[in-house]
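[1] Sequence and predicted structure below; questions after.
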Amino acid sequence: PRVLGLTKDEMASEETVLETVTPEQVKAAEDKVKKLRKEGAPKETLDEAIGQLRVLKGKLGGEATPTQFVLKCPKGTRDYDSFQMAIRERVFDIVTNCFKRHGAVTISTPVFELKETLMGKYGEDSKLIYDLADQGGELLSLRYDLTVPFARYLAMNKIKQMKRYHIAQVYRRDQPAMTRGRYREFYQCDFDIAGDYDLMIADAECLHLLAEILTNLQLGNFVIKVNHRKLLDGVFAACGVTSDKFRSICSAVDKLDKLPWNDVREEMIQKGLTADIADSIGYYVTMKGGQELIEQLSQDTKLTAIGDADNALKEMGLLFQYCSVLGTMDKISFDLSLARGLDYYTGVIFEAILTGDASGSDTNVGSVSGGGRYDELVNMFDPKGGKLPCIGFSVGIERIFSIMEARAKAGALGNVRTVSTSVFVASAQKDLIEDRMKLCTMFWDAGIPTEMMYRKDPKFLNQIQYCEREGIPLVVIVGNEEKEKGGVKIRNVKTQKESFVKLSDLISETKKQLEEHQ
């Protein structure tokens, strides 16, 4: 289906396809490309400008023929080569193993949902949802995240307890910043615990699991900011904000990680608050700390007079107690500026921020994960089904991948292999193609990843160089002399040490040498 969701002006800007094109417009586009090259603009910006220039040139030359294509990825998306995919698979494996270690199962949901399923769940970010054109049936939208589809799944299937993870692509009509890992199509890695359990136990495990994932990925220093949505609402109430403005003011506070306080204060005033009320909120949302901050706020009678805020402080105290037992408190900061703008959060909210890469320098990537408690979202889909409390988080894998890719190119990840081949079957003489095929079949049947060159009589040097380039540890060499003896030679590519092996012992000897290589 055709993706909608852009205004006419935005579509014109995105597509740059004009009905009538003049030479002056082409010249202006050429000058823009030259300027971007001279300024050293980011690759995606330059590619977009070149793509626009090609479209204009095609239109100027008359109607486009079937061979006139603009070879570029859509804005906010990218391709991944084999090296990049090897890194992505390594990241996915680490994250998935952590999820499984905590007993999670996985599910899959459609890439698009009924539009009504997604609307009203994301606050001001609802404008970023991609709508699909009406095909004469249901009104559909591409999923914005994996949490709302999970809540719909729970309600539809009457599930009362579940610990699940889900790794899949989501879509947002956001302004991309690809150098910082912000895309319009990107993967999320979600972990959620659904069920009516005792206070803060599942919440503490989620924080521990998030810290475990970021530690295993070896991304460097990080901090997990934690707050409580009801405490934040209590702050608003204590400062004099009416309940109908809670969500809009919460959205303003959520921008404190990107904007200075004065800008956020001005937005609050524009949304109807007085300067005094905004300043009162500013007093609270600049507070950061740990257990001592809970004790300080517990002495604030204006705040504790709000029942929800008082209960939230007690829950935060219990959460920090459990986090201390789990050994996670050194990674956690109680931060009252954390708001998490999504409407469905009802309790504990948290966000993981990278504070420096493995070498201690700034990463310029920012938040790599966020989550929280959403106890009422499932009930929105099934009001008669009763309340189903949930807690979970999402790992922003694209931002993490941006860091991992840079580290891999710098050699910090060691040898990143793009193939998993363990054995290469080679020959130094002619007319041995069938012998190589038989040997490959032996290894494949034994479960050993194996390759050979797709030439009848390949050059021996080319075969060896391929193994060296791809990091394949063993070469099995077949020749007429070896055939007469009923065996082959096994060569260690790194040491170049060779040994003769009978065919009857080939699989066992190969496995032995592969184990030694590891």
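    Alright, I've got the coordinates.
[2] Out of the helices and strands in this protein, which is least certain?
    helix 8-15 (a mean of 44; mean pLDDT, DSSP states H and E).
[3] List the buried residues in the next helix or strand after that helix.
    Next helix or strand after helix 8-15 toward the C-terminus (DSSP states H and E): helix 23-39. With burial defined by 16 or more other CB atoms under 10 Å, the residues of helix 23-39 counted as buried are 25-26, 29, 32, 36. C-betas here are computed from N, CA, C, even on glycine.
[4] does G371 belong to a helix or a strand, and which?
    strand 367-373.
[5] and that strand, what's its mean pLDDT?
    Across strand 367-373, the average pLDDT comes to 92.
[6] before we move on, what about stretch 56-66?
    63.
[7] Number of residues surrounding K121?
    As a burial measure, K121 scores 20 neighbours (other CB atoms under 10 Å).
[8] Show me the residue at the heart of the chain, geometrically.
    I397 (2.1 Å; CA atoms, centre = their mean).
[9] ok, that residue - contacts?
    Listed by CB atoms under 8 Å, 6 or more residues apart in numbering, the contact set of I397 reads 88, 91-92, 95, 167, 186-189.
[10] Apply 10 Å and report the result again.
    The neighbours of I397, taking CB atoms under 10 Å, 6 or more residues apart in numbering as the test, are 88, 91-92, 95, 167, 181, 186-189, 217, 368-369, 404.
[11] do the same with F69
    So F69 contacts 54, 58 (CB under 10 Å, 6+ apart).
[12] After the host helix or strand of Q52, which helix or strand is next? Please name it.
    Per DSSP H and E: Q52 is located in helix 43-60. From helix 43-60 onward toward the C-terminus, using DSSP H and E, the following helix or strand is helix 82-101.
[13] Name the spans of this structure whose pLDDT lies under the cut-off.
    In the predicted model of the chain, residues 1-19, 61-68, 179-181, 341, 357-365 satisfy pLDDT under 70.
[14] follow-up on the earlier one: and the residue nearest to the centre of the chain, how far from D125?
    Separation of I397 from D125 (CB to CB, to the nearest Å): 19 Å.
[15] and T418, what is it in contact with?
    81-87, 89, 469-471.
[16] Swap in 8 Å and give it another go.
    Residues in contact with T418 (CB under 8 Å, 6+ apart) are 82-83, 85-86, 470.
[17] G385 now?
    Taking CB under 8 Å, 6+ apart, one finds 155, 158, 378-379 in contact with G385.
[18] at 10 Å instead, please
    154-156, 158-160, 378-379 are the contacts of G385 under CB under 10 Å, 6+ apart.
[19] and those residues, which are buried?
    154-155, 159, 378-379.
[20] In these, find the pair that's most separated.
    Spanning the widest gap among these are I159 and N379, at 13.3 Å by CB to CB.
[21] got any residues that touch both of those two?
    The contact lists of I159 and N379 share 385, 388, where a contact means CB under 10 Å, 6+ apart.
[22] before we move on, back to that, from the contacts of I397, pick the one nearest E434.
    R88 (37.8 Å).
[23] give the contact list for the nearest residue to that closest one once chain neighbours are set aside.
    Using CB to CB, 6 or more residues apart in numbering and skipping residues adjacent in sequence, the residue nearest R88 is F401, 5.9 Å away. Shown in contact with F401 (CB under 10 Å, 6+ apart): 80, 84, 87-88, 90-92, 181, 186-187, 408.
[24] what comes up buried for whichever strand or helix holds S324?
    Element membership for S324, per DSSP H and E: helix 307-326. In terms of neighbour count (16+ other CB under 10 Å), helix 307-326 has its buried residues at 309-313, 315-316, 318-320, 322-323.
[25] What is the subsequent helix or strand relative to it?
    Following helix 307-326 in sequence, per DSSP H and E, is strand 332-335.
[26] between the helix or strand following that following strand and helix 307-326, how big is the angle?
    Going down the chain from strand 332-335, the next helix or strand is strand 348-356, by DSSP H and E. Angle of strand 348-356 versus helix 307-326, following axes from the mean of the first three to the mean of the last three CA atoms, to 10 degrees, is 50 degrees.
[27] Would you mark the buried spots in strand 348-356?
    Going by 16+ other CB under 10 Å, strand 348-356 has these buried residues: 348-354.
[28] do stretch 257-264 as well
    For stretch 257-264, by 16+ other CB under 10 Å, it's V264.
[29] starting at the chain centroid, how far to it?
    The chain centre lies 26 Å from the centre of stretch 257-264; the measure is CA atoms, centre = their mean, to the nearest Å.
[30] which residues touch that stretch?
    225, 249, 252-256, 265-267, 278-279, 281-282, 285-286, 335, 337-339, 351, 353, 366-367.
[31] Drop anything exposed from the residues you listed.
    225, 249, 252-254, 256, 265, 267, 278, 281-282, 285, 335, 337-339, 351, 353, 366.
[32] contacting residues around I213?
    91, 94-99, 189, 191, 219, 352, 368-369, 393, 395, 400.
[33] if we take these, which one ends up nearest to Q299?
    A352 (29.6 Å).
[34] for the residue nearest to the closest one when sequence neighbours are not counted, which residues make a bridge with it?
    Spatially, and ignoring its direct neighbours in sequence, A352 is nearest to S369 (4.0 Å; CB to CB, 6+ apart). Counting by DSSP bridges, S369 forms beta bridges with A352, V395.
[35] Kindly reformat the contacts of G385 as CSV containing secondary structure.
    CSV is the format used below for those (DSSP: H, G, I helix; E, B strand; the rest coil):
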residue, secondary structure
L154, helix
A155, helix
M156, helix
K158, coil
I159, coil
K160, coil
V378, helix
N379, helix
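[36] T346 and D431, how far apart?
    73 Å.
[37] Comparing these two, which residue is more hemmed in?
    The neighbour count for T346 versus D431, taken as other CB under 10 Å, is higher for T346 (19 against 10).
[38] roughly how far apart are the more buried one and P458?
    For T346, the distance to P458 - CB to CB - is 64 Å.
[39] what does R88 give?
    31 Å.
[40] Dihedrals phi and psi, the residue nearest to R88?
    For F401, the backbone dihedrals (degrees, to the nearest 10) come out as phi -60, psi -40.
[41] same thing with N492?
    phi -80, psi 120.
[42] Could you list everything it pairs with in the sheet?
    L474.
[43] what residues are up against it?
    473-475, 498-499, 513, 516-517.
[44] Could you tell me how many residues sit around the closest residue to V475 other than its chain neighbours?
    In space, and not counting its chain neighbours, V475 is closest to R491: 4.5 Å by CB to CB, 6+ apart. By the measure other CB under 10 Å, the count of residues near R491 is 20.
[45] Report the buried residues of stretch 124-132.
    Here stretch 124-132 shows 125, 129-132 as buried, counting by 16+ other CB under 10 Å.
[46] Check the separation of the first and last residues in stretch 139-148.
    17 Å (CA to CA, to the nearest Å).
[47] what distance separates it from the centre of its chain?
    16 Å.
[48] buried set for it?
    Neighbour-count burial for stretch 139-148 [16+ other CB under 10 Å]: 140-148.
[49] Can you give the contact residues for the helix or strand S508 falls within?
    Counting by DSSP H and E, the element that carries S508 is helix 506-517. With CB under 10 Å, 6+ apart as the contact definition, helix 506-517 has outside contacts at 422-423, 439, 442-443, 445-450, 473-474, 476, 487-488, 490, 492-495, 497, 499, 501-502, 505.
[50] give the contact list for the closest residue to K288 other than its chain neighbours.
    In space, K288 comes closest to D335 once its chain neighbours are excluded; the distance is 4.9 Å by CB to CB, 6+ apart. Shown in contact with D335 (CB under 10 Å, 6+ apart): 223-227, 256-257, 285-289, 293, 349-351, 353.
[51] Which ones among these lie within helices?
    285, 293 (DSSP state H).
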